[in-house]
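J.: following is a predicted model, sequence given first.
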Amino acid sequence: MRVEPSALIGGLWERALDVVFPRRCVGCAATGAFLCAICLATLPRAAPPRCPTCWVPSQEPEAPCHRCRDRAFHLEATRCPFVFEGATREAVNALKYRGLSALAESMALPMAECLRQWVPPAGVIVPVPLAGQRRRLRGYNQSELLGRELSRLSGLPLASGALVRRRSTMPQARSTGEAARRQNVAAAFALGPAAVEGAVLLVDDVLTSGATLDACARVLLDGGAGPVFALTFARED
């Protein structure tokens with residue numbers, strides 16, 4: 001079997017980096033992987049019963065929760081494999097704020113498994129866009145990295161340019177209450193150059209109030225796509 005020179009060089013480079021900067025688990029600091037198998041298996045699961053629309057814990061798993069019934073929600077349904085606490089929080093923070101972009105590969109694996117069990121009728125993956133200045137400072141969009149890995153694992157095409165962020169917003173974690181978070185992202189998104197049609201799977205790292213995902217879903221629906229589903233790595237209960 002012939003090995004492409006670029007793949008060989010890439011593999012040698014990765015092994016060299018592992019020697020100089022050994023991979024350490026963000027959960028337990030064990031060497032070998034950025035998210036070890038033990039920590040991955042013990043991450044807090046966002047298990048049902050949950051609202052099928054926003055995936056908040058609910059005693060009516062087959063019907064939308066009272067919050068979803070009382071608001072105009074543009075998302076068709078949402079899923080997340082984990083609750084945003086403990087090692088799950090550490091993984092997200094390492095991906096977003098510590099420059100550990102390689103962690104996206106490990107984080108996408110349980111998301112892909114969740115997608116296989118869920119099977120929403122989506123034909124394309126659209127990552128939640130990041131503002132230009134924040135992307136330049138971070139060096140990448142963590143949602144796009146997760147979307148790229150999900151695309152590789154699921155076979156669904158990735159449409160990175162389907163949405164753009166028109167303005168930078170305050171991080172949602174700093175906004176208190178759902179109303180403030182919805183106001184924070186109001187009119188923050190617009191359609192991008194990569195037009196999409198049919199059902200869409202939005203991808204992000206964390207779901208809190210759902211305001212960001214819902215704002216993206218509204219833009220996609222107004223542009224003629226839909227229904228819109230959403231998948232994130234974790235949910236803040």
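T.: That came in fine, so what should we check first?
J.: can we go C-alpha only for contacts and neighbour counts from here?
T.: Will do.
J.: could I get the phi/psi values of the residue nearest to the spatial centre of the chain?
T.: Using C-alpha atoms, centre = their mean, the residue of the chain that lies closest to the mean C-alpha position is residue 204, 2.3 Å off. Dihedral pair for residue 204: phi -150, psi 170, per degrees, to the nearest 10.
J.: that one and residue 229 touch, don't they?
T.: No: contact criterion C-alpha atoms under 8 Å: residue 204 and residue 229 do not qualify, at 11.4 Å.
J.: what do the two both touch?
T.: Overlap between the contact sets of residue 204 and residue 229, as judged by C-alpha atoms under 8 Å, 6 or more residues apart in numbering, is nil.
J.: identify the bridge partners of residue 232.
T.: According to DSSP bridges, the residues that bridge with residue 232 are residue 204.
J.: now do the contacts for it.
T.: Neighbouring residues of residue 232 by C-alpha under 8 Å, 6+ apart: 79-81, 111, 203-207.
J.: for residue 58, same thing?
T.: Shown in contact with residue 58 (C-alpha under 8 Å, 6+ apart): 48-51, 65.
J.: okay, now the residue lying closest to it once chain neighbours are set aside: neighbour count?
T.: Ranked by C-alpha to C-alpha, 6 or more residues apart in numbering and with sequence neighbours excluded, the top spatial neighbour of residue 58 is residue 50, at 4.5 Å. By the measure other C-alpha atoms under 10 Å, the count of residues near residue 50 is 20.
J.: please apply the same query to residue 42.
T.: Neighbouring residues of residue 42 were enumerated by other C-alpha under 10 Å; the total is 11.
J.: how close does it sit to residue 113?
T.: Relative to residue 113, residue 42 is positioned 16 Å away (C-alpha to C-alpha, to the nearest Å).
J.: now swap in residue 227 and tell me
T.: Distance from residue 227 to residue 113, counting by C-alpha to C-alpha: 21 Å.
J.: so, low pLDDT: which residues of this protein?
T.: Confidence mapping of the chain against pLDDT under 70 gives the ranges 1-21, 61, 167-186.
J.: tell me which of residue 227 and residue 113 has more neighbours.
T.: Neighbours per residue, other C-alpha under 10 Å: of residue 227 and residue 113, the larger number sits with residue 227, 20 against 15.
J.: quick check: residue 149 touching residue 104?
T.: Yes: counting by C-alpha under 8 Å, residue 149 touches residue 104, with 7.2 Å between them.
J.: ok, those two, which is more surrounded?
T.: Comparing residue 149 with residue 104 by other C-alpha under 10 Å, the one with more neighbours is residue 104, at 27 against 21.
J.: which SSE is the more buried one in?
T.: Here residue 104 sits within helix 103-118, counting by DSSP states H and E.
J.: what's the burial count for residue 137?
T.: That count, for residue 137 with other C-alpha under 10 Å as the rule, works out to 8.
J.: quick check, it in a helix?
T.: Yes: applying DSSP: H, G, I helix; E, B strand; the rest coil, one finds residue 137 inside a helix.
J.: now do it against residue 96, distance only.
T.: As defined by C-alpha to C-alpha, residue 137 lies at a distance of 11 Å from residue 96.
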